[in-house]
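Colleague: Fold the following, please.
(one chain, ligands or ions: 1)
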Amino acid sequence: MLKVTGIHAFYGAINALRGVSLEIGEGEIVTLIGSNGAGKTTTLMAVSGVVPVREGSITFLGEAIHNLAPDEIVRLGIVQVPEGRRIFPGLTVAENLDMGAFLRTDHKGVRSDLDYVYSLFPVLSKRKKQLGGTLSGGEQQMLAISRALMARPRLLLLDEPSLGLAPLIVRLIFDIIVKINREQGVTVFLVEQNANQALKIAHRGYVVENGEVALSGAASALLHDDSVKKAYLGFDN
Ligand code: ATP
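Modeller: This is a model prediction of the structure:
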């Protein structure tokens, strides 16, 4: 579904990505793990068109997307949940969800997707009129994922959804990611520092180090790989 081939990206003189290549098949959950500053967010930003690709290519369902604008990429069905949620704090829960459906004109579909996200996260349906900025961190993450779902993604890009959340909430969010993948057939590209949890729900994984893919394979194999264990799995079981 998504093919990233040898991409390079820069912030000024900083070479953040140095030839990253990876593939995501339709229906998969693929995770990208790595330490701080390794290039995980930049890879997602390159896919969603926010960070320019200097070299290499990205194709989605066979179509080159690395020269498209972010809104054109969203229209193709690639939707990102950014790191730190980035919901609209001054808008209500319901208004945040409306914003997710901004590009859609199929009102019936929007209504049924709204019912679906409220069924995934009943707490949001109880807080429809509450301002996004007054929600807890976990609820804001639920809202950010729900807002992305309102855009009907084919490929959902999740940037560190576990960041700053209590273990119980992380488990709930990860269970929901699996549910969305299974029930809605949404393909998921999950960037995580919480490698342990991410590899437990993913089908396959990539490890990025210094802007390059250092290792890849079945998530279960990476979970038992000694170098992965040593570098990334120490802090959380
Ligand atoms: P984290 O888990 O901390 O978010 P990451 O793996 O997502 O890390 P990136 O955010 O992709 O890493 O950063 C890759 C490299 O690019 C790092 O060296 C980082 O310092 C640099 N970088 C990221 N964003 C910017 C920016 N806006 N301006 C300059 N350098 C940046």
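
Colleague: Now do the SS call for G49.
Modeller: Following DSSP: H, G, I helix; E, B strand; the rest coil, the label given to G49 is coil.

Colleague: tell me the contacts of it?
Modeller: Going by C-beta atoms under 8 Å, 6 or more residues apart in numbering, G49 touches 65-66, 68-70, 72-73. (Each C-beta comes from the backbone N, C-alpha and C, glycine too.)

Colleague: buried subset of the residues you listed?
Modeller: Among the contacts of G49, those classed as buried by 16 or more other C-beta atoms under 10 Å are 65-66, 68, 73.

Colleague: Where helices are concerned, which of those count?
Modeller: I73 (DSSP state H).

Colleague: Widest-spaced pair of the buried ones among the contacts of G49?
Modeller: Within the buried ones among the contacts of G49, two members stand farthest from each other by C-beta to C-beta: H66 and I73, at 9.6 Å.

Colleague: The lowest-mean-pLDDT helix or strand in the chain near the ligand at all?
Modeller: Least confident helix or strand, the chain: helix 226-232 with a mean of 85, by mean pLDDT, DSSP states H and E. No. Helix 226-232 is not in contact with the ligand by C-beta under 6 Å from any ligand atom; minimum separation 11.6 Å.

Colleague: Helix or strand next in line after the helix ranked longest in the chain, which one?
Modeller: Taking DSSP H as the criterion, the chain has its longest helix at helix 167-184. Using DSSP states H and E, the helix or strand that follows helix 167-184 in sequence is strand 187-192.

Colleague: Pull out the buried residues from that following strand.
Modeller: Neighbour-count burial for strand 187-192, with 16+ other C-beta under 10 Å as criterion, is recorded at 187-192.

Colleague: counting contacts, what elements does it pack onto?
Modeller: On a contact count with 3 or more C-beta pairs under 8 Å, 6 or more residues apart in numbering; DSSP states H and E, strand 187-192 meets strand 29-33, helix 40-47, strand 155-159, helix 167-184, helix 195-201.

Colleague: switch the cut-off to 6 Å
Modeller: Here strand 187-192 touches strand 29-33, strand 155-159, going by 3 or more C-beta pairs under 6 Å, 6 or more residues apart in numbering; DSSP states H and E.

Colleague: Would you tell me which of these gets closest to the ligand?
Modeller: When those are compared by C-beta to the nearest ligand atom, strand 155-159 sits nearest the ligand, at 7.5 Å.

Colleague: For the ligand, see how far away P70 is.
Modeller: P70 is 16 Å from the ligand, where distance means C-beta to the nearest ligand atom, to the nearest Å.

Colleague: what residues does this structure put near the ligand?
Modeller: Within reach of the ligand by C-beta under 6 Å from any ligand atom, the chain has these residues: 11, 14, 16, 34, 36-42, 193.

Colleague: Kindly recompute the last result at 5 Å.
Modeller: Residues of the chain found near the ligand (C-beta under 5 Å from any ligand atom) are 11, 14, 16, 36-42.

Colleague: Give the buried residues for the longest helix of the chain.
Modeller: 169-170, 172-174, 176-177, 180-181, 184.

Colleague: packing partners for it?
Modeller: The contact analysis (3+ C-beta pairs under 6 Å, 6+ apart) places helix 167-184 against helix 195-201.

Colleague: Need the residues that contact the helix it packs on.
Modeller: Residues outside helix 195-201 that contact it (C-beta atoms under 6 Å, 6 or more residues apart in numbering) are 29, 31, 33, 174, 178, 190, 192, 205, 219, 222-223, 232-233, 236.
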